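**Q** after the sequence you'll find the predicted model.
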Amino acid sequence: MSTPIGAAIASDTTADGDAWLRYETLGWDTLADQPVLLAVALVALAAAVIATVWFTWRERSASSPARLATLTTLRIAAIAAAVGAVVGVERRSVREVREPSRVVILIDNSLSMASPNAAPGDAPSGTPSGASESRSEAAAALVTRSGLVERLAERHRVSLATFSDRLRTINPPEEDPSGAGEPSPFGPAGAETRLGGAIEQALAQHAGASLAGLVLLTDGGHTTGPDPMATARTAKERGVLIHAVGYGPLVVAPNLVLREVAAPKKSYPGDDMAITVSVAAEGLDPESGAGLLGAEPVVTLRRRAALPQGAAGATTEVGREAVRFAPGESIGSAHFTATADQPGDWVYEATVASSLRESSTDDNLRSANVAVVDRVTKTLLLAGGPTRDFHFVRDQLHRDKRFVADVLLQSAAGAVSQDANRVLEAFPSKLEEIDAYDAVVAFDPDWSRLTARQIETLQMWVSRRGGGLIIEPGAVGASRTRFGDQDAVVARLSPVNVAWSLASHTLPPDKPSPVRLTPAGQSSEFLRLSSGFTNDAAAGGAAGWNAFPGFYRVVPSAEPKPAATVYAYALDETEGRRVLFAEQFYGGGRVFYTATSELWRLRRQDTTWFTTFYTNLLRHVSQGRLLAQSGAGALALDRDRYEAGDEAELRLSINSSAAFDPATAAAIVTLADQPQRSVRLEAVEGEESVYRATLRVDRPGDLRAAVALGDAAELLEAEATVVAPRLESKRATQDADLLRSIARATGGAYYADNPTAIHGADDLAPLAEAIPSQAETRFVHGELDADFARRLSAWLLGVLCLCLILEWTLRRFWRLA
């Protein structure tokens with residue numbers, strides 16, 4: 001049994017050797033640096049010596065030799081004391097320090113390290129299907145169980161660090177982390193691999209140390225950041241060796257992997273759903289695309305009703321599409337349009353096939369669940385005045401049978417004729433009244449005209465009843481009140497702290513501000529403006545926005561609130577980027593904020609874009625109403641789709657505290673094939689009966705969360721999809737060429753696998769023996785001894801004064817003066 005690496009890696013200290021005292025002449029050093037002052041001092045010394053000789057010569061006839069010798073000795077002693085004071089003798093301690101040789105092991109923990117370490121079919125016999133060792137597990141085994149670290153620690157000070165998007169130093173565990181308990185610190189979690197950046201940071205952190213070498217444990221999947229070869233040349237200049245241990249198969253047989261079926265989680269009868277199926281072609285040269293397959297892969301999409309496990313149901317084929325690969329890409333996609341015709345829960349199942357003889361067909365099938373909800377969305381349009389957006393949304397909802405819209409126009413006195421289901425004269429002041437609506441859209445309202453009771457009703461409806469609120473501020477409302485300061489409840493509802501200023505009331509600029517979606521916005525289906533397809537399902541949501549010129553008037557805003565999700569920014573040439581779209585959970589509901597009242601400009605680009613945007617947005621924010629049908633509460637994730645490495649927010653809203661114990665608030669979370677884990681839910685400050693948790697989704701698969709109420713009599717559930725980042729999925733093999741080049745550039749060695757690193761090869765020394773010690777001895781000088789300098793100065797002054805006084809006294813006594 002190997003020694004735990006925590007015991008093998010010593011603390012970051014140096015060894016002390018002998019110590020002694022060193023005397024220095026700092027005054028003389030100062031004189032030596034200033035020639036003029038040195039010349040003056042030497043002339044003064046010469047004058048003193050000449051004067052001494054002259055006095056002795058003058059008094060030779062009047063005094064005996066013994067008296068002359070005594071006087072001369074006193075004069076020379078006085079001169080010596082003065083010279084000693086000028087020379088400035090100082091004392092300090094000197095300590096010998098032995099600086100140990102250092103080795104830093106850099107372990108790749110990006111998501112590509114979750115892939116199998118061996119190609120399908122190369123796993124050891126007896127290994128169950130799908131249970132092959134991952135690359136991160138193989139790297140962890142080399143560090144924790146091979147004895148490599150212990151052997152390196154015999155001659156070097158060993159440090160451990162993981163890297164993906166940045167470098168993270170690891171405190172070595174005292175126990176073997178392979179056992180049960182806390183998750184391994186080496187587990188894959190990063191959405192990108194900055195290989196060059198990791199080398200650069202490691203060199204910077206150990207700039208003054210005797211660094212002997214860096215050991216890279218990686219599959220070579222560099223995706224972003226500084227060029228690894230450039231940082232390797234920097235290491236060479238510093239005399240630091242880089243050794244690389246590679247993970248992942250060197251060659252992979254051609255294989256198709258169905259990565260994702262991207263479909264909306266919810267739809268409505270009659271809607272056309274855009275479904276994108278993403279396929280990776282492993283074992284192919286990316287420069288050749290899919291041509292090596294001999295035939296284009298074909299995806300077949302089928303639909304069936306979601307039935308209890310084990311039950312059989314009829315399957316309907318939706319269609320077949322060839323997978324399209326972009327030039328130089330090994331990830332392609334097939335696109336389908338399916339119509340949601342019948343309410344219920346449906347499973348859309350995709351399979352991929354080709355004439356290729358694949359190494360494995362276990363990864364050729366994936367599915368997505370879609371809930372088709374037959375429900376009319378009831379909406380209240382609250383407008384400070386008849387803005388363009390208000391007019392277009394009102395007319396759109398009036399024509400759409402899937403919506404029912406009531407209108408409250410604050411600028412109109414009394415009831416007026418509107419194309420709406422009902423015209424309100426006042427905002428609801430009772431929860432029972434506003435509970436008839438699924439969503440409220442506030443078009444630049446005058447919040448000061450709402451009473452405290454009405455605002456409290458709005459807040460309770462969002463928090464406790466799962467209502468959806470859309471806030472669209474404008475310049476007119478800004479001139480009447482300062483949004484965010486008028487009422488504390490309204491300020492809490494908003495996902496951002498709006499910073500109104502005089503600039504918000506001026507004329508709009510001459511140029512529009514382009515829209516740029518964040519990664520969260522790109523992966524959000526409700527922001528997709530059209531059904532246009534791209535090879536990347538996530539980037540498809542940004543396609544329409546990138547083509548859109550932008551908005552002229554965008555409300556300036558401060559930083560988004562900590563719990564808010566920013567979906568888009570507006571890029572301004574003078575003020576930088578501004579938050580354009582943001583959202584936050586508020587209790588069981590959602591509040592969406594748009595910083596522009598010019599969404600009508602979408603119609604100029606495409607007449608359907610505005611309609612599509614508001615239809616999807618209203619359905620998105622009203623999700624809480626669907627989830628709250630339990631009556632006891634609602635459990636929701638902030639998004640339907642995540643990339644591995646993202647932070648997911650889980651929200652629980654409880655209507656009846658009797659069925660829930662806050663002291664034991666926890667959710668059971670499962671992700672992909674990982675074991676279930678319990679996540680603690682913390683109460684949200686300022687929101688009654690609302691609890692939240694943040695968790696990192698570190699691998700692709702289905703994410704499910706559940707909370708049991710009471711004695712598990714009722715179960716609240718939420719689910720989402722986690723996909724692998726595109727950059728981390730492009731390469732299925734180890735990049736041996738890159739790792740070999742990095743090692744050779746510094747004089748290091750490349751090891752293709754763990755056994756080679758441990759035992760070496762015919763022409764390759766074991767890794768533990770390939771790094772020569774760079775230990776060095778240096779001398780550390782202590783502070784100057786101030787007490788010694790003070791005592792020495794006192795003694796020299798005393799000797800000088802005593803000699804001069806005694807010389808003068810003797811000359812008077814001997815009648816020589």
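**A** Received, thanks.
**Q** C-alpha from now on. contacts and neighbour counts both.
**A** OK.
**Q** quick one, domains of the chain?
**A** 18-96+782-813, 101-249+733-774, 255-373, 377-506+556-570+577-627, 631-723 (automatic domain parsing).
**Q** what mean pLDDT would you report for the shortest one?
**A** By that I understand domain 631-723. Summarised as a single mean, pLDDT over domain 631-723 is 80.
**Q** make TSV out of the domains of the chain and add distance to Gln522 and mean neighbour count.
**A** As requested, the domains of the chain are arranged in TSV below (distance: least, Cα to Cα, whole Å; neighbours: other Cα atoms under 10 Å):
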stretch	distance to Gln522	mean neighbour count
domain 18-96+782-813	59	15
domain 101-249+733-774	16	20
domain 255-373	13	18
domain 377-506+556-570+577-627	8	20
domain 631-723	10	18
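**Q** for Ala520, find the nearest of these.
**A** domain 377-506+556-570+577-627 (5.7 Å; Cα to Cα).
**Q** please name the residues that touch Trp346.
**A** Shown in contact with Trp346 (Cα atoms under 8 Å, 6 or more residues apart in numbering): 303-306, 369-372.
**Q** surely Gln201 and Asp165 touch.
**A** No: applying Cα atoms under 8 Å, one finds Gln201 not in contact with Asp165, separated by 11.6 Å.
**Q** inside strands: which ones of the contacts of Trp346?
**A** Among the contacts of Trp346, DSSP state E puts 303-305, 369-372 in strands.
**Q** could you export the residues you listed as JSON lines, including distance to Lys401 and pLDDT?
**A** Formatted as JSON lines, those follow (distance: Cα to Cα, whole Å; pLDDT from 0 to 100):
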{"residue": "Arg303", "distance to Lys401": "26", "pLDDT": "92"}
{"residue": "Arg304", "distance to Lys401": "27", "pLDDT": "89"}
{"residue": "Ala305", "distance to Lys401": "26", "pLDDT": "88"}
{"residue": "Asn369", "distance to Lys401": "25", "pLDDT": "86"}
{"residue": "Val370", "distance to Lys401": "22", "pLDDT": "88"}
{"residue": "Ala371", "distance to Lys401": "19", "pLDDT": "86"}
{"residue": "Val372", "distance to Lys401": "16", "pLDDT": "88"}
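**Q** dump these into a markdown table; add distance to Gly633 as well.
**A** Listed next are those as a markdown table, based on distance: Cα to Cα, whole Å:
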| residue | distance to Gly633 |
| --- | --- |
| Arg303 | 31 |
| Arg304 | 30 |
| Ala305 | 27 |
| Asn369 | 23 |
| Val370 | 22 |
| Ala371 | 20 |
| Val372 | 22 |
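**Q** please identify which of the residues you listed is nearest to Gly196.
**A** Nearest member of those to Gly196, counting by Cα to Cα, is Asn369, at 40.3 Å.
**Q** show me what contacts that closest one?
**A** Contacts of Asn369 (Cα under 8 Å, 6+ apart): 263, 265, 306, 345-348.
**Q** same check, this time on Gln342
**A** So Gln342 contacts 269, 372 (Cα under 8 Å, 6+ apart).
**Q** quick one: it from Thr518, how far?
**A** The gap separating Gln342 from Thr518 is 34 Å, by Cα to Cα, to the nearest Å.
**Q** next, give phi and psi for Glu525.
**A** Backbone torsions of Glu525, given as degrees, to the nearest 10, read phi -60, psi -30.
**Q** correct me, but it touches Ala262?
**A** No: contact criterion Cα under 8 Å: Glu525 and Ala262 do not qualify, at 9.3 Å.
**Q** phi, psi for the most centrally placed residue in the chain please.
**A** Centroid-nearest residue in the chain: Asp165, 7.1 Å away (criterion: Cα atoms, centre = their mean). Main-chain torsions, Asp165, degrees, to the nearest 10: phi -80, psi -20.
**Q** follow-up on the earlier one: nearest to Tyr567, of the contacts of Trp346?
**A** Using Cα to Cα, these come closest to Tyr567 at Val370, 23.2 Å.
**Q** longest single helix anywhere in this protein?
**A** The single longest helix within the chain, with elements called by DSSP state H, is helix 786-813.
**Q** which one among the ones in strands among the contacts of Trp346 gets closest to Arg60?
**A** Checking the ones in strands among the contacts of Trp346 against Arg60 with Cα to Cα, the nearest one is Asn369 at 121.2 Å.
**Q** how much space between the closest one and Asp640?
**A** Taking Cα to Cα, one finds Asn369 at 11 Å from Asp640.
**Q** within the sheet, what are the partner strands of the host helix or strand of Thr276, with directions?
**A** According to DSSP states H and E, Thr276 maps onto strand 272-282. The pairing partners recorded for strand 272-282 under DSSP bridges are strand 255-262 (antiparallel), strand 331-339 (antiparallel).
**Q** may I have the helix or strand containing Arg704 as PDB, with CA atoms only?
**A** Element membership for Arg704 (DSSP H and E) is strand 701-709. Extracted as PDB, the C-alpha positions of strand 701-709 are listed here (Å, rounded to 0.1, in the frame of the first residue of the first chain):
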ATOM      1  CA  GLY A 701     -26.000  14.400 -19.200                       C
ATOM      2  CA  ASP A 702     -29.400  14.900 -17.700                       C
ATOM      3  CA  LEU A 703     -29.600  17.000 -14.600                       C
ATOM      4  CA  ARG A 704     -32.500  16.200 -12.200                       C
ATOM      5  CA  ALA A 705     -33.300  17.600  -8.800                       C
ATOM      6  CA  ALA A 706     -36.100  16.600  -6.400                       C
ATOM      7  CA  VAL A 707     -37.400  17.700  -3.000                       C
ATOM      8  CA  ALA A 708     -39.700  15.600  -0.900                       C
ATOM      9  CA  LEU A 709     -42.400  17.400   1.100                       C
END
